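K.L.:
What follows is a predicted structure for the sequence shown.
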Amino acid sequence: MLKATIDAETFREMIDAVSALVTECRLHVDGNGLKARAVDTANVAMVSLELNKDAFETYEATPEELGIDIAKMKNIIGMMGRGDMLSLVLPEGSQKLEVSFGSYRYSVTLLDVNTIRKDPSPPNIELPGRIEIAGSALSSAIKAADVVSDKIALGIDPAADLFYMVAEGDTDHIRLELGSDQLISLTSADARSLFSLDYLKDMGKVMGRAEKVVIALGIDHPVKFIFALSEGKGSVEYLLAPRIEAD
Amino acid sequence: MLKATIDAETFREMIDAVSALVTECRLHVDGNGLKARAVDTANVAMVSLELNKDAFETYEATPEELGIDIAKMKNIIGMMGRGDMLSLVLPEGSQKLEVSFGSYRYSVTLLDVNTIRKDPSPPNIELPGRIEIAGSALSSAIKAADVVSDKIALGIDPAADLFYMVAEGDTDHIRLELGSDQLISLTSADARSLFSLDYLKDMGKVMGRAEKVVIALGIDHPVKFIFALSEGKGSVEYLLAPRIEAD
Amino acid sequence: MLKATIDAETFREMIDAVSALVTECRLHVDGNGLKARAVDTANVAMVSLELNKDAFETYEATPEELGIDIAKMKNIIGMMGRGDMLSLVLPEGSQKLEVSFGSYRYSVTLLDVNTIRKDPSPPNIELPGRIEIAGSALSSAIKAADVVSDKIALGIDPAADLFYMVAEGDTDHIRLELGSDQLISLTSADARSLFSLDYLKDMGKVMGRAEKVVIALGIDHPVKFIFALSEGKGSVEYLLAPRIEAD
């Protein structure tokens, strides 16, 4: 059972964050709020999302697993205005989620959760380097790299105390260096890993709207991007596997 | 003969209203103003339009029938600025309409009216239900229905004194209910008919700009949408045939 | 060797002006500034461009010929913000141009100049008619003509002391007449030539941003469009060959 109302904008951010990687997911609801974790079809990127019940105007739920068609949900959300309040109602035992806003009432048949991939387990990894950066700056850097290449190296230079990003094309390359004065904060550590821009571009569009994104980096390790939803009452974490550097 | 000047915006609204259904039409001019009536190629929707001579800055005309290429006219109008004044001149006996604005002077060869379908006769129907609604609200409702289905039912619930709209998809549906406090006015009557969203979407874009749209509804009958042009100095009426409801 | 910084907007205008006609060009630098001259693949249009060293914030150069990939440069420039300052550095003997702005540093491999068409020689022609017009007015006129035709005649009527533009379609035509009060200035002379709108449309987008464009016209002769870059510290000249008028 779920009976909740939430600001349209917060719900939109949540759906957008998931839709960067997958078209459907299992949404876990219980008395504390919502959770989802999904991995893309190629097993390269994972999204983990939490939305605390405090992020909702009203919230009441018993443990339940909802099969969400993300693409369909995006279409419905596209109809909502900025200030709209969204109501979500799933009666006990029902497979029809009622989504209402203004005078509109959608009845959306949920997906059978058994047809959706099981939630992945998050890997246990140590990522010593930590960068806090404005979402807009991170998003710009991803776009800039895309001009010359299809992959990007993210790293920290502990000696110079700076975060860098390098993209190498066949004939051109780009380098971006940001010192601690251009970042929100920097925890130095030896770190450098290479990533596919394909994934980063989709994530970058979502992260560009975040005030602050935390980047956790290691050496030839996955990268984690963590940012808040709804003023800290929720959070999104992207995990992206590294590519092997060909020299 | 026609010799008239008109505000660019009013003329643009007039052409847009017709172009939602047809690509060419017969425009009747006489001393009182302009009139056009056209039906789409599938005979499902009709547009009737009137523009009183008071809607013009200057107006002088003798009875005449002009074959208008709507698509071409839209391209020309696309060049006009918001505040522009448009001049239309058709000399006696000529088939070349002179369309001028600013320093531009277009000479547009009219279509031979004999190659354009004859004006349809408006059917004589009684539509007891009557809803007055903001154009933007009607347009939003049409867009919301389009997310789940390709057809929409419009109806009045006389018991609850409300106007409703229902769209049923394969797995989802949407319902919108508007009471008299959310409408400009409502004349209750038993009414419910099903319509194709294909047509309504094109009409909806035009009606979305109208301050007020009058909807006239019956049971399994056509629907009429009526709205004003140029602060009441003209009017547009759309008539849309119902679809058969498959149960 | 080149070592220069320039306002991002000025550099963008320069690249846009060239990209209307060609995808690569030879850029000549020396102690006085930059120069480029290129002709399109069909030999119909030529662009000549000069940017004085005064247009730069800082400027230092020894004579050099740079092979510029215009399309790639446009992509890089697309990343720059409005107020950004751009730095261009080409070390002595190097073929890698370093393009930097903000914290970004691109390294762009130059094209081998021997693979780029040699600079064309400007033809020696007399064009007695001269019109000075706002760039936006010229750009609008080109768009208006495009609605009815794929070619446009530009001319001067010395008797009426006006500049005109005529485009003839199969059934329609458009005429625009601008007297000296609607122009910045007009030097009357018998002049009328026909041009392809294909080329003019691309040029028009660039010229639309210029405060003033000088048009030099003759009878069945090429047309010249001249406009300033960076408040007169640079200039662009387009030369477009006439089409033969079929009567």
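P.N.:
Okay, I see it.
K.L.:
How about the secondary structure of the closest residue to chain C within chain A?
P.N.:
Among the residues of chain A, A:Thr171 lies closest to chain C, at 3.8 Å counting by Cβ to the nearest Cβ. Yep, even glycine has a C-beta here, placed from its N, CA and C like the rest. The assignment at A:Thr171 comes out as coil when based on DSSP: H, G, I helix; E, B strand; the rest coil.
K.L.:
what's the nearest residue to it if we skip its chain neighbours?
P.N.:
Spatial nearest neighbour of A:Thr171, chain neighbours left out: C:Thr109 (3.8 Å); criterion: Cβ to Cβ, 6 or more residues apart in numbering or on different chains.
K.L.:
Can you give me every residue that contacts the one you found?
P.N.:
Applying Cβ atoms under 8 Å, 6 or more residues apart in numbering or on different chains to C:Thr109 gives the contacts A:Thr171, A:Asp172, C:Gln95, C:Lys96, C:Leu97.
K.L.:
right, and the helix or strand after the one helix or strand A:Ser107 maps to?
P.N.:
Element membership of A:Ser107 [criterion: DSSP states H and E] is strand A:104-109. Moving toward the C-terminus from strand A:104-109, the next helix or strand (DSSP H and E) is strand A:129-133.
K.L.:
got the contact list for that following strand?
P.N.:
Strand A:129-133 is contacted from outside by A:155-156, A:163, A:178, A:183-191, A:212-218, using Cβ under 8 Å, 6+ apart.
K.L.:
Export the worst-scoring helix or strand of chain A on mean pLDDT to PDB, keeping only CA atoms.
P.N.:
In chain A, no helix or strand scores lower on mean pLDDT, DSSP states H and E than helix A:70-77, which sits at a mean of 92. The C-alpha atoms that make up helix A:70-77 are tabulated as PDB, following Å, rounded to 0.1, in the frame of the first residue of the first chain:
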ATOM      1  CA  ILE A  70      10.200   4.800 -16.400                       C
ATOM      2  CA  ALA A  71       9.500   6.000 -19.900                       C
ATOM      3  CA  LYS A  72       5.700   6.000 -19.400                       C
ATOM      4  CA  MET A  73       6.200   7.800 -16.100                       C
ATOM      5  CA  LYS A  74       8.300  10.500 -17.800                       C
ATOM      6  CA  ASN A  75       5.400  11.100 -20.300                       C
ATOM      7  CA  ILE A  76       2.900  11.600 -17.500                       C
ATOM      8  CA  ILE A  77       5.200  13.800 -15.500                       C
END
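K.L.:
same for that helix, what does it pack against?
P.N.:
helix A:8-19, strand A:24-30, strand A:104-109 (3 or more Cβ pairs under 8 Å, 6 or more residues apart in numbering or on different chains; DSSP states H and E).
K.L.:
Which positions within the first one qualify as buried?
P.N.:
Within helix A:8-19, the residues that qualify as buried are A:Ala8, A:Glu9, A:Thr10, A:Phe11, A:Arg12, A:Glu13, A:Met14, A:Ile15, A:Asp16, A:Ala17, A:Val18, A:Ser19, counting by 16 or more other Cβ atoms under 10 Å in any protein chain shown.
K.L.:
will you turn those residues into JSON lines that also has pLDDT and distance to chain B?
P.N.:
JSON lines is the format used below for the buried residues of helix A:8-19 (pLDDT from 0 to 100; distance: Cβ to the nearest Cβ, whole Å):
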{"residue": "A:Ala8", "pLDDT": "93", "distance to chain B": "14"}
{"residue": "A:Glu9", "pLDDT": "92", "distance to chain B": "18"}
{"residue": "A:Thr10", "pLDDT": "94", "distance to chain B": "20"}
{"residue": "A:Phe11", "pLDDT": "94", "distance to chain B": "16"}
{"residue": "A:Arg12", "pLDDT": "94", "distance to chain B": "15"}
{"residue": "A:Glu13", "pLDDT": "94", "distance to chain B": "20"}
{"residue": "A:Met14", "pLDDT": "95", "distance to chain B": "19"}
{"residue": "A:Ile15", "pLDDT": "96", "distance to chain B": "14"}
{"residue": "A:Asp16", "pLDDT": "96", "distance to chain B": "17"}
{"residue": "A:Ala17", "pLDDT": "97", "distance to chain B": "21"}
{"residue": "A:Val18", "pLDDT": "97", "distance to chain B": "19"}
{"residue": "A:Ser19", "pLDDT": "96", "distance to chain B": "15"}
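K.L.:
near chain C, from the residues you listed?
P.N.:
Near chain C, judged by Cβ under 8 Å from any Cβ of the partner chain, there are no entries from these.
K.L.:
So which bits of chain A are right by chain C?
P.N.:
By the rule Cβ under 8 Å from any Cβ, the part of chain A lying against chain C is A:140-141, A:143-144, A:147-148, A:171-178, A:182.
K.L.:
so which of those residues would you say is closest to C:Leu240?
P.N.:
Among the residues of chain A next to chain C, A:Val147 lies closest to C:Leu240 (Cβ to Cβ), at 31.4 Å.
K.L.:
And for the closest residue to that closest one other than its chain neighbours, the neighbour number?
P.N.:
Nearest residue to A:Val147, sequence neighbours excluded (Cβ to Cβ, 6+ apart): C:Asn75, at 4.6 Å. Per other Cβ atoms under 10 Å in any protein chain shown, the neighbour tally for C:Asn75 reads 14.
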